[in-house]
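Q: Sequence unavailable; structure follows:
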């Protein structure tokens, strides 16, 4: 399966953690990162804006859609981050064979730790070790862990092409501002239907694979709903 999603999308956060439980199974997910709101200022949006109110509403939806024992952040982020740089960093990690680890880092960084994942310097710190441990032959990546330029773009041409292709594929499928799943037969699901489908696929697996809380990021008490 393929899922297109944005790192500041609340339902994508849940879909990402459920996708991790399907690794190494016939239902494994190929995660492709896209910007749901490419018109956002590169520095993001701070409180008292309609977009932030929408983010809070989508966070509430995420809480209502969680599975039993599934751990989600206990509060909405205080700002809406631009994800141009995050998509670039993820594309480099994807090409270097460390996509899943980078995806978890980016979702955790924004939703749990409140990091500005639109800031290239923040991303270089957050993704540095992951990128260096990948298989990229690009010197800035494998030696220095640089996956994002100061202009918030990818370092390599290969990553640029990935971003372009993912964006075009997503647009051809309607550009929804929610998770979009493409099944092997080409049919699609979006939004809450993606979460429901992932839940159903998880239900067919042995019970000892349902420890969602074990995969969720750890943080101090009071930061999560369980």
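A: Now that the structure is in, tell me what you want to look at. Note that the structure is a prediction, hence the values are computed from the model and not measured. Residues are numbered from 1 along each chain as shown.

Q: Please count neighbours and contacts with C-alpha atoms only from this point.
A: Noted.

Q: Is residue 186 in a helix, a strand, or coil?
A: coil (DSSP: H, G, I helix; E, B strand; the rest coil).

Q: Could you pull up the mean pLDDT of the helix or strand that contains residue 159?
A: Counting by DSSP states H and E, the element that carries residue 159 is helix 157-172. Averaged across helix 157-172, the pLDDT comes to 98.

Q: How many residues are close by residue 73?
A: Residues lying near residue 73 (other Cα atoms under 10 Å) number 23.

Q: ok, then the element right after the helix holding residue 159?
A: Next in sequence after helix 157-172, counting helices and strands by DSSP H and E, comes strand 180-182.

Q: tell me which residues in the helix holding residue 159 are buried?
A: Neighbour-count burial for helix 157-172 flags 159, 162-163, 166-167, 170 (criterion: 16 or more other Cα atoms under 10 Å).

Q: any idea which of the residues you listed is closest to residue 65?
A: Residue 65 lies nearest to residue 170 out of the buried residues of helix 157-172, by Cα to Cα, at 23.8 Å.

Q: residues contacting that closest one?
A: By Cα atoms under 8 Å, 6 or more residues apart in numbering, the contact set of residue 170 is 4, 34, 176.

Q: pLDDT score assigned to the residue nearest in space to the middle of the chain?
A: Nearest to the geometric centre of the chain sits residue 7, at 3.9 Å (Cα atoms, centre = their mean). At residue 7, the model reports a pLDDT of 96.

Q: residue ranges with poor pLDDT in the protein?
A: 46-57, 59, 206-226 (pLDDT under 70).

Q: would you list every one of the helices in it?
A: 10-20, 50-65, 84-95, 99-111, 120-132, 139-142, 157-172, 192-203, 212-215 (DSSP state H).

Q: nearest to residue 150, of these?
A: Closest of the helices of the chain to residue 150 is helix 120-132, at 6.0 Å (criterion: Cα to Cα).

Q: still on that earlier bit, pipe the contacts of residue 170 into CSV and attach distance to residue 62 and neighbour count per row.
A: Formatted as CSV, these follow (distance: Cα to Cα, whole Å; neighbours: other Cα atoms under 10 Å):
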residue, distance to residue 62, neighbour count
4, 17, 25
34, 19, 30
176, 17, 14
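
Q: And the residues you listed, which is closest to residue 117?
A: Using Cα to Cα, residue 34 is the member of the contacts of residue 170 that lies nearest residue 117, at 13.8 Å.

Q: how close does that closest one get to residue 203?
A: Here the criterion is Cα to Cα, to the nearest Å. By it, residue 34 lies 28 Å from residue 203.

Q: circling back: out of the contacts of residue 170, who's nearest residue 78?
A: Using Cα to Cα, residue 34 is the member of the contacts of residue 170 that lies nearest residue 78, at 21.5 Å.

Q: List the contacts of that closest one.
A: Residue 34 neighbours (Cα under 8 Å, 6+ apart): 4-6, 87, 163, 166-167, 170.
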